[in-house]
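K.L.:
need a 3D model of the following:
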Amino acid sequence: MRPSQAPFPATRHRRLRRTEPLRSLVRENVLTREDLIWPVFVRDGVGVREEVPSMPGVMRRSVDLTVEAAAEAAELGIPAICLFPYTDPALKTEDCAEAWNPENLSNRAIRAIKAEVPGIAVMTDIALDPYNINGHDGYVVDDEIVNDETVEALVKMALAQAEAGADILGPSDMMDSRIGAMRTALEAAGHRNVTIMSYAAKYASAFYGPFRDAVGASGALKGDKKTYQMDPANTDEALRLIERDLTEGADMVMIKPGMPYLDICRRVKDTFGAPTFAYQVSGEYAMIEAASANGWLDGEKAMLESLLAFKRAGCDGILTYFAPRVARLLKDG
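P.N.:
Alright, predicted model coming up:
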C-alpha cells in the first residue's frame with residue numbers, strides 16, 4: 001500500500017522537476033551504453049559497405065568492415081554486437097545447408113571479430129530464413145513449416161556458431177523445443193559457457209519489413225510466418241513460452257518487436273526476473289528516421305526517449321540500430 005501524501009501546497013510535485021540536477025537525483029531509470037547491442041548486417045566481398053535503402057544509415061558490411069564495426073563498438077563502450085548475414089541467393093537451398101557451413105558469412109565474421117576484437121561479445125542469429133530458398137525460418141514440407149526436422153537443423157547451426165567462437169546464440173525461429181535441444185547439444189560438445197538469448201516471444205509483426213530487405217529474405221518469402229510466430233493479440237501465451245524456454249536452458253529472453261510490446265516486457269520481467277531484452281526492430285527504426293528526415297520529429301530526442309521506454313518497461317538491454325549513435329551521445333555526456 002502506498003504511503004499517503006500531504007495535501008497541496010505541502011506537497012508540490014513540481015519541486016523535484018525544477019532543475020536538471022534535481023531531476024537527475026530522482027530519475028527512476030537511466031539509459032547507459034552497457035544497455036546496447038548493435039545489430040550488424042554482414043555481406044560477402046572485401047571493403048564493401050552498402051546502405052540498406054529502407055533503413056537510412058544502416059549498412060551491409062563485408063567481413064573486414066564488420067571487424068572495424070566491432071572495434072568501433074568496443075571503443076564506444078557497447079558490450080555486444082549481433083550478426084545477421086546477407087546470403088548470396090545462389091547459396092539458398094531447400095536443405096539450408098549453408099546455415100551450418102563453418103565458412104559461411106556469420107561464422108567467418110565471428111572468427112575474424114574474436115581474433116581482432118576479443119573483448120566484445122558476439123551474438124548470432126539462429127534461424128533458417130537467410131539460407132532458405134523459401135524465405136522461412138524453418139523447413140517447408142507440403143506448404144507446412146515443419147518443427148522437429150527444423151530443430152535438428154538449428155542444432156547443427158548452433159554448434160557451428162559455437163565452434164566459431166560465438167558468445168551468445170540468438171534462436172529467433174520460434175520452433176517448439178529448440179532451446180532444450182540446443183542446450184543438450186552444446187553441453188555434449190563441451191560448449192558449456194555459450195549463452196542462449198532466446199527470442200522466446202517473437203510476434204508475427206508488420207514491423208520486420210526493412211530487416212527482410214536487409215538480409216535479402218523479403219523476395220524469397222512465400223506466404224507468412226503466422227503458424228510459428230506469435231499472434232499480436234496474445235500476452236498470456238508469451239509468458240508460457242518464456243517459462244518453457246527458461247526451463248529448457250535459456251540464459252536470457254527476448255521480446256520482439258519492441259515498443260509495440262512494452263507490456264510484454266513488463267510482464268515478463270515482473271513474472272520471471274530473468275535477464276530480459278527487447279529488439280527495437282527495423283520498422284521502429286525506419287519510422288523514427290523517416291519522421292526525423294521529414295522534420296516531423298526531433299530524431300535525436302525521439303531516439304533516446306524510445307530507448308529509455310525499454311528500460312522503464314523492465315528491460316536489461318536493447319538490440320537497436322541506433323546503438324553507435326546513442327553510445328556517442330552518452331559517451332560525450
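
K.L.:
make it CA atoms for all contacts and neighbour counts henceforth
P.N.:
Noted.

K.L.:
now do the helices in the stretch 151-300 of the chain.
P.N.:
178-188, 209-215, 236-248, 262-272, 282-293, 299-312 (DSSP state H, counting those that start in this stretch).

K.L.:
contact partners of the fifth one?
P.N.:
Okay, so that is helix 282-293. Contacts to helix 282-293, defined as CA atoms under 8 Å, 6 or more residues apart in numbering, come from residues 54-56, 206-211, 259, 297-299, 302-303, 320-322.

K.L.:
and for the shortest one?
P.N.:
Residues outside helix 209-215 that contact it (CA under 8 Å, 6+ apart): 41, 52, 54-55, 60, 84-87, 130, 218, 281-283, 286.

K.L.:
farthest-separated two in those residues?
P.N.:
87 and 286 (22.3 Å; CA to CA).

K.L.:
ok so, going back, between the helices of the stretch 151-300 of the chain, which has the poorest mean confidence score?
P.N.:
Of all those, mean pLDDT reaches its minimum on helix 209-215 (a mean of 75).

K.L.:
report the distance from it to the chain centre.
P.N.:
On the basis of CA atoms, centre = their mean, to the nearest Å, helix 209-215 sits 14 Å off its chain's mean C-alpha point.

K.L.:
one more: stretch 7-19?
P.N.:
Here stretch 7-19 is found 40 Å from its chain centre; the criterion is CA atoms, centre = their mean.

K.L.:
cool, and stretch 200-215?
P.N.:
Computed by CA atoms, centre = their mean, the chain-centroid distance of stretch 200-215 equals 10 Å.

K.L.:
tell me the buried residues in it?
P.N.:
200-205, 207-215 (16 or more other CA atoms under 10 Å).

K.L.:
still on that earlier bit, columns distance to residue 148 on top of the helices of the stretch 151-300 of the chain, output as a markdown table?
P.N.:
Output for the helices of the stretch 151-300 of the chain, formatted as a markdown table (distance: least, CA to CA, whole Å):
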| stretch | distance to residue 148 |
| --- | --- |
| helix 178-188 | 9 |
| helix 209-215 | 24 |
| helix 236-248 | 16 |
| helix 262-272 | 27 |
| helix 282-293 | 29 |
| helix 299-312 | 34 |
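
K.L.:
of the ones you listed, which approaches residue 98 most closely?
P.N.:
Relative to residue 98, the nearest member of the helices of the stretch 151-300 of the chain by CA to CA is helix 209-215, separated by 14.5 Å.

K.L.:
pick out the lowest-pLDDT one from the contacts of helix 209-215.
P.N.:
Ranking these by pLDDT, residue 218 lands last with 61.

K.L.:
before we move on, back to that, between the helices of the stretch 151-300 of the chain, which gets nearest to residue 145?
P.N.:
Nearest to residue 145, of all these, is helix 178-188, at 14.3 Å by CA to CA.

K.L.:
the inter-axis angle of the closest one versus helix 236-248?
P.N.:
Relative orientation of helix 178-188 versus helix 236-248 (axes from the mean of the first three to the mean of the last three CA atoms, to 10 degrees): 10 degrees.

K.L.:
so which bits of helix 178-188 are buried?
P.N.:
In terms of neighbour count (16+ other CA under 10 Å), helix 178-188 has its buried residues at 178, 179, 180, 181, 182, 183, 184, 185, 186.

K.L.:
again, but for stretch 35-50
P.N.:
Using 16+ other CA under 10 Å as the test for burial, stretch 35-50 gives 35, 36, 37, 38, 39, 40, 41, 42, 43, 44, 48, 49.

K.L.:
surely the first one touches residue 318?
P.N.:
Going back to what we said before, that points to residue 35. Yes. Between residue 35 and residue 318 there is a contact under CA atoms under 8 Å: 6.1 Å.

K.L.:
and stretch 199-209, how far out from the chain middle?
P.N.:
Averaged C-alpha coordinates place stretch 199-209 at 11 Å from its chain's average position (CA atoms, centre = their mean).

K.L.:
swap in stretch 58-67?
P.N.:
Relative to its parent chain, stretch 58-67 has a centroid offset of 18 Å by CA atoms, centre = their mean.

K.L.:
and the end-to-end length of that stretch?
P.N.:
Length of stretch 58-67, first residue to last, CA to CA, to the nearest Å: 16 Å.

K.L.:
do stretch 165-182 as well
P.N.:
This stretch, stretch 165-182, spans 16 Å end to end (CA to CA).

K.L.:
contacts for it next, please.
P.N.:
Residues outside stretch 165-182 that contact it (CA under 8 Å, 6+ apart): 110-111, 114, 121-128, 137-138, 147-148, 150-151, 154-155, 158-159, 161-162, 194-200, 202, 228-229, 245, 248-250.
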